[in-house]
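Q: Give me a model of this one.
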Amino acid sequence: MFTATLIASESLSAGDISAARDALALPGGWEWIDEGIAADLQFDGEPTATRDALEGVIAGVDVIVQPSAGRAKALLIADMDSTMITVECIDELADYAGVKPQIAEITERAMRGELDFAAALDARVALLCGLEESAIDRCLAERVTLMPGAKTLVRTMRARGATTILVSGGFTRFADPVGAEIGFDRVIANRLVIAGGVLTGAVERPIVDSSTKEATLRSAMADLELRVESTMAVGDGANDLPMIRAAGLGVAYRAKPIVAATAGARVEYGDLTALLYAQGIRRADWATH
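A: This is a model prediction of the structure:
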(Lines give C-alpha, C1' and ligand atoms only; values in the text may rest on other atoms or scores of the structure.)
Protein backbone atom coordinates (compact mmCIF):
# COMPACT_ATOMS: atom_id res chain seq x y z
CA MET A 1 0.00 0.00 0.00
CA PHE A 2 1.18 3.49 -0.87
CA THR A 3 0.34 6.98 0.36
CA ALA A 4 0.17 10.00 -1.91
CA THR A 5 0.43 13.18 0.14
CA LEU A 6 -1.01 16.25 -1.56
CA ILE A 7 0.36 19.55 -0.25
CA ALA A 8 -1.12 22.80 -1.50
CA SER A 9 0.82 26.01 -2.03
CA GLU A 10 -2.42 27.96 -1.43
CA SER A 11 -5.49 25.81 -0.85
CA LEU A 12 -6.80 22.32 -1.44
CA SER A 13 -10.46 21.34 -1.48
CA ALA A 14 -12.24 18.05 -1.01
CA GLY A 15 -13.54 18.53 -4.53
CA ASP A 16 -9.99 18.75 -5.87
CA ILE A 17 -9.11 15.48 -4.19
CA SER A 18 -12.24 13.70 -5.34
CA ALA A 19 -11.71 14.91 -8.89
CA ALA A 20 -8.14 13.65 -8.85
CA ARG A 21 -9.18 10.25 -7.53
CA ASP A 22 -11.94 9.96 -10.10
CA ALA A 23 -9.73 11.06 -12.98
CA LEU A 24 -7.12 8.44 -12.12
CA ALA A 25 -9.63 5.81 -10.96
CA LEU A 26 -7.65 5.47 -7.74
CA PRO A 27 -8.95 2.85 -5.32
CA GLY A 28 -8.68 3.44 -1.58
CA GLY A 29 -9.70 6.30 0.66
CA TRP A 30 -8.27 9.66 1.66
CA GLU A 31 -8.08 11.85 4.76
CA TRP A 32 -6.98 15.33 5.72
CA ILE A 33 -3.70 15.94 7.51
CA ASP A 34 -4.58 19.64 7.80
CA GLU A 35 -7.87 20.59 6.16
CA GLY A 36 -7.47 22.75 3.09
CA ILE A 37 -3.69 22.34 3.06
CA ALA A 38 -2.57 18.71 3.01
CA ALA A 39 -4.22 15.33 2.56
CA ASP A 40 -3.26 11.67 2.23
CA LEU A 41 -4.61 9.35 -0.46
CA GLN A 42 -4.17 5.62 0.03
CA PHE A 43 -3.76 3.42 -3.03
CA ASP A 44 -2.32 0.17 -4.28
CA GLY A 45 -0.59 0.62 -7.61
CA GLU A 46 2.48 1.91 -9.45
CA PRO A 47 3.87 4.80 -7.35
CA THR A 48 5.88 6.80 -9.89
CA ALA A 49 3.16 6.76 -12.55
CA THR A 50 0.57 7.73 -9.93
CA ARG A 51 2.69 10.65 -8.70
CA ASP A 52 3.25 11.93 -12.23
CA ALA A 53 -0.45 11.67 -13.02
CA LEU A 54 -1.52 13.43 -9.81
CA GLU A 55 0.91 16.27 -10.48
CA GLY A 56 -0.88 16.91 -13.73
CA VAL A 57 -4.39 16.87 -12.29
CA ILE A 58 -4.21 19.53 -9.54
CA ALA A 59 -2.23 22.69 -10.29
CA GLY A 60 0.05 24.19 -7.65
CA VAL A 61 0.10 21.07 -5.48
CA ASP A 62 3.16 19.04 -4.50
CA VAL A 63 2.65 15.29 -4.56
CA ILE A 64 4.86 12.97 -2.51
CA VAL A 65 4.27 9.24 -2.98
CA GLN A 66 5.86 6.63 -0.73
CA PRO A 67 5.08 3.32 0.98
CA SER A 68 2.50 3.83 3.70
CA ALA A 69 4.64 1.99 6.25
CA GLY A 70 7.66 3.80 7.67
CA ARG A 71 6.68 7.39 6.84
CA ALA A 72 8.10 8.83 10.05
CA LYS A 73 11.81 9.44 9.49
CA ALA A 74 14.55 9.07 12.10
CA LEU A 75 17.37 10.65 10.06
CA LEU A 76 17.48 13.79 7.93
CA ILE A 77 20.49 14.66 5.76
CA ALA A 78 20.15 18.09 4.16
CA ASP A 79 22.00 20.29 1.71
CA MET A 80 22.42 23.95 2.65
CA ASP A 81 22.68 26.35 -0.30
CA SER A 82 19.35 26.89 -2.09
CA THR A 83 17.83 24.24 0.19
CA MET A 84 18.09 25.27 3.84
CA ILE A 85 18.95 28.84 2.83
CA THR A 86 17.69 30.87 -0.12
CA VAL A 87 21.05 31.69 -1.75
CA GLU A 88 24.28 30.12 -2.99
CA CYS A 89 26.81 31.52 -0.50
CA ILE A 90 29.78 31.41 -2.84
CA ASP A 91 27.88 33.43 -5.45
CA GLU A 92 26.97 36.07 -2.88
CA LEU A 93 30.49 36.15 -1.47
CA ALA A 94 31.77 36.62 -5.02
CA ASP A 95 29.74 39.83 -5.24
CA TYR A 96 31.98 41.35 -2.56
CA ALA A 97 34.98 40.46 -4.73
CA GLY A 98 33.38 41.86 -7.90
CA VAL A 99 33.32 38.48 -9.66
CA LYS A 100 29.75 37.27 -9.09
CA PRO A 101 28.81 36.74 -12.77
CA GLN A 102 31.85 34.54 -13.41
CA ILE A 103 31.37 32.46 -10.28
CA ALA A 104 27.58 32.20 -10.55
CA GLU A 105 27.90 30.76 -14.06
CA ILE A 106 30.22 28.02 -12.81
CA THR A 107 27.91 27.33 -9.86
CA GLU A 108 24.89 26.95 -12.10
CA ARG A 109 26.69 24.54 -14.41
CA ALA A 110 27.99 22.50 -11.48
CA MET A 111 24.54 22.25 -9.91
CA ARG A 112 23.13 21.08 -13.24
CA GLY A 113 25.71 18.31 -13.28
CA GLU A 114 27.68 19.71 -16.22
CA LEU A 115 30.97 20.13 -14.33
CA ASP A 116 32.96 18.06 -11.86
CA PHE A 117 32.07 19.46 -8.45
CA ALA A 118 35.57 19.53 -6.94
CA ALA A 119 37.11 21.13 -10.01
CA ALA A 120 34.30 23.68 -10.15
CA LEU A 121 34.75 24.50 -6.46
CA ASP A 122 38.49 25.01 -6.89
CA ALA A 123 37.91 27.25 -9.91
CA ARG A 124 35.40 29.41 -8.05
CA VAL A 125 37.40 29.74 -4.84
CA ALA A 126 40.51 30.66 -6.84
CA LEU A 127 38.61 33.71 -8.11
CA LEU A 128 38.17 34.84 -4.48
CA CYS A 129 41.90 35.02 -3.83
CA GLY A 130 42.75 38.21 -1.95
CA LEU A 131 39.23 38.88 -0.68
CA GLU A 132 39.22 40.24 2.89
CA GLU A 133 38.11 37.67 5.47
CA SER A 134 35.68 40.25 6.88
CA ALA A 135 33.60 39.92 3.70
CA ILE A 136 32.46 36.50 4.92
CA ASP A 137 30.77 37.91 8.02
CA ARG A 138 29.27 40.77 5.99
CA CYS A 139 27.90 38.31 3.47
CA LEU A 140 26.44 36.12 6.22
CA ALA A 141 24.72 39.08 7.85
CA GLU A 142 23.55 40.83 4.69
CA ARG A 143 22.75 38.07 2.20
CA VAL A 144 22.01 34.74 3.91
CA THR A 145 18.34 34.07 4.66
CA LEU A 146 16.86 30.83 5.94
CA MET A 147 14.51 28.98 3.63
CA PRO A 148 10.91 29.18 4.87
CA GLY A 149 10.10 26.15 6.97
CA ALA A 150 13.73 25.19 7.64
CA LYS A 151 13.62 25.73 11.41
CA THR A 152 10.21 24.10 11.77
CA LEU A 153 11.27 21.04 9.78
CA VAL A 154 14.49 20.40 11.66
CA ARG A 155 13.23 21.27 15.12
CA THR A 156 10.08 19.19 14.73
CA MET A 157 12.05 16.16 13.57
CA ARG A 158 14.51 16.53 16.44
CA ALA A 159 11.66 16.91 18.93
CA ARG A 160 10.36 13.57 17.66
CA GLY A 161 13.74 11.91 18.20
CA ALA A 162 15.26 12.17 14.72
CA THR A 163 18.91 12.95 14.02
CA THR A 164 19.52 15.86 11.63
CA ILE A 165 22.76 16.55 9.75
CA LEU A 166 23.58 19.48 7.47
CA VAL A 167 26.11 18.44 4.80
CA SER A 168 27.20 21.27 2.53
CA GLY A 169 29.56 21.62 -0.39
CA GLY A 170 29.79 25.23 0.78
CA PHE A 171 31.87 26.55 3.64
CA THR A 172 31.96 26.11 7.41
CA ARG A 173 31.99 29.88 7.93
CA PHE A 174 28.42 29.90 6.63
CA ALA A 175 27.27 26.37 7.46
CA ASP A 176 28.23 26.41 11.15
CA PRO A 177 26.12 29.47 12.09
CA VAL A 178 23.30 28.44 9.74
CA GLY A 179 23.23 24.93 11.18
CA ALA A 180 23.20 26.29 14.73
CA GLU A 181 20.39 28.74 13.99
CA ILE A 182 18.21 26.10 12.34
CA GLY A 183 18.98 23.49 14.99
CA PHE A 184 20.91 20.71 13.25
CA ASP A 185 22.67 18.08 15.36
CA ARG A 186 25.80 18.15 13.17
CA VAL A 187 27.29 20.27 10.39
CA ILE A 188 29.76 19.14 7.73
CA ALA A 189 31.19 21.57 5.15
CA ASN A 190 34.33 22.72 3.36
CA ARG A 191 36.95 24.95 4.96
CA LEU A 192 38.34 27.99 3.19
CA VAL A 193 42.07 28.57 3.57
CA ILE A 194 42.64 32.03 5.10
CA ALA A 195 46.00 33.63 5.82
CA GLY A 196 46.79 37.14 7.01
CA GLY A 197 43.11 38.07 7.05
CA VAL A 198 42.50 37.30 3.36
CA LEU A 199 41.28 34.32 1.36
CA THR A 200 44.14 32.46 -0.33
CA GLY A 201 41.97 31.08 -3.12
CA ALA A 202 42.22 27.51 -1.81
CA VAL A 203 40.00 25.00 0.00
CA GLU A 204 41.23 22.50 2.58
CA ARG A 205 41.23 18.82 1.62
CA PRO A 206 39.37 16.54 1.55
CA ILE A 207 36.58 18.37 -0.24
CA VAL A 208 33.01 17.78 0.91
CA ASP A 209 31.29 16.59 -2.27
CA SER A 210 28.56 14.25 -3.43
CA SER A 211 30.39 11.17 -2.15
CA THR A 212 30.72 12.78 1.29
CA LYS A 213 27.00 13.45 1.40
CA GLU A 214 26.12 9.87 0.53
CA ALA A 215 28.75 8.48 2.91
CA THR A 216 27.39 10.66 5.73
CA LEU A 217 23.91 9.26 5.21
CA ARG A 218 25.11 5.65 5.12
CA SER A 219 27.41 6.09 8.12
CA ALA A 220 24.71 7.75 10.23
CA MET A 221 22.22 5.08 9.23
CA ALA A 222 24.66 2.37 10.37
CA ASP A 223 25.57 4.17 13.60
CA LEU A 224 21.90 4.66 14.50
CA GLU A 225 21.01 1.12 13.35
CA LEU A 226 18.30 2.44 11.03
CA ARG A 227 16.66 0.80 8.07
CA VAL A 228 16.85 2.79 4.85
CA GLU A 229 13.13 3.57 4.88
CA SER A 230 13.67 5.57 8.09
CA THR A 231 15.95 8.07 6.30
CA MET A 232 15.32 11.27 4.34
CA ALA A 233 17.64 13.40 2.22
CA VAL A 234 16.85 16.75 0.65
CA GLY A 235 18.77 18.91 -1.81
CA ASP A 236 18.60 20.80 -5.07
CA GLY A 237 21.79 20.22 -7.06
CA ALA A 238 23.52 17.42 -8.94
CA ASN A 239 25.96 16.86 -6.07
CA ASP A 240 22.96 15.93 -3.90
CA LEU A 241 21.82 13.11 -6.19
CA PRO A 242 23.77 10.24 -4.59
CA MET A 243 22.37 10.93 -1.12
CA ILE A 244 18.89 11.51 -2.56
CA ARG A 245 19.00 8.16 -4.35
CA ALA A 246 20.35 6.39 -1.25
CA ALA A 247 17.71 7.70 1.18
CA GLY A 248 14.41 6.07 1.97
CA LEU A 249 12.73 9.31 0.91
CA GLY A 250 14.94 11.39 -1.38
CA VAL A 251 13.51 14.85 -1.99
CA ALA A 252 14.39 17.32 -4.75
CA TYR A 253 13.58 20.75 -3.31
CA ARG A 254 12.98 23.41 -5.99
CA ALA A 255 15.73 21.56 -7.73
CA LYS A 256 17.68 21.62 -10.96
CA PRO A 257 16.01 19.56 -13.74
CA ILE A 258 18.42 16.63 -13.48
CA VAL A 259 17.62 16.30 -9.78
CA ALA A 260 13.85 16.80 -10.07
CA ALA A 261 13.69 14.16 -12.81
CA THR A 262 15.61 11.59 -10.77
CA ALA A 263 14.46 12.04 -7.17
CA GLY A 264 11.76 9.85 -5.70
CA ALA A 265 9.95 12.95 -4.41
CA ARG A 266 9.99 16.60 -5.38
CA VAL A 267 8.74 19.82 -3.86
CA GLU A 268 8.23 22.73 -6.24
CA TYR A 269 5.53 24.87 -4.64
CA GLY A 270 5.55 24.51 -0.87
CA ASP A 271 8.19 25.37 1.70
CA LEU A 272 10.22 22.89 3.72
CA THR A 273 7.30 22.06 6.00
CA ALA A 274 6.08 19.95 3.07
CA LEU A 275 8.54 17.36 4.39
CA LEU A 276 6.62 17.24 7.67
CA TYR A 277 3.36 16.70 5.84
CA ALA A 278 5.08 13.93 3.89
CA GLN A 279 5.58 12.21 7.24
CA GLY A 280 1.93 12.72 8.17
CA ILE A 281 2.72 15.31 10.85
CA ARG A 282 -0.05 17.85 11.47
CA ARG A 283 0.67 21.54 11.98
CA ALA A 284 -0.57 21.27 15.57
CA ASP A 285 2.33 18.91 16.28
CA TRP A 286 5.08 21.05 14.76
CA ALA A 287 7.80 22.41 17.03
CA THR A 288 7.69 26.19 17.18
CA HIS A 289 10.83 26.79 19.28
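Q: doesn't Gly235 make contact with Leu275?
A: No. If you go by CB atoms under 8 Å, Leu275 and Gly235 don't touch, sitting 12.0 Å apart. (Each C-beta comes from the backbone N, C-alpha and C, glycine too.)
Q: Overlap in contacts, the two.
A: Common neighbours of Leu275 and Gly235 (criterion: CB atoms under 8 Å, 6 or more residues apart in numbering): Val251.
Q: Which one's more surrounded, these two?
A: Gly235 (33 against 28; other CB atoms under 10 Å).
Q: Ignoring the adjacent residues along the chain, who's closest to that one?
A: Asp79 (3.4 Å; CB to CB, 6 or more residues apart in numbering).
Q: Run a quick neighbour tally on that neighbour.
A: 25.
Q: The chain should start at 302 in everything you say after this.
A: Got it, the first residue is 302 from now on, which makes the last one we talked about Asp380.
Q: show me the contacts for it.
A: Shown here is Asp380, whose contacts under the criterion CB under 8 Å, 6+ apart are 467-470, 514, 535-538, 541.
Q: Tell me the most packed of those residues, by neighbour count.
A: Top of these by neighbour count (other CB under 10 Å): Gly536, with 33 neighbours.
Q: wait, isn't that one in contact with Leu377?
A: No. With contact defined as CB under 8 Å, Gly536 does not count as touching Leu377 (11.4 Å).
Q: So which of the contacts of Asp380 are in helices?
A: The helices, defined by DSSP state H, take in Lys514 from these.
Q: Can you pick out the ones from the contacts of Asp380 that are in strands?
A: Counting by DSSP state E, those place 467-470, 535-536 in strands.
Q: Now the two most distant members of those residues.
A: Gly470 and Val535 (14.3 Å; CB to CB).
Q: before we move on, the earlier item: tell me which of the ones in strands among the contacts of Asp380 is nearest to Ala424?
A: The closest of the ones in strands among the contacts of Asp380, once distances to Ala424 are taken by CB to CB, is Gly470, at 13.5 Å.
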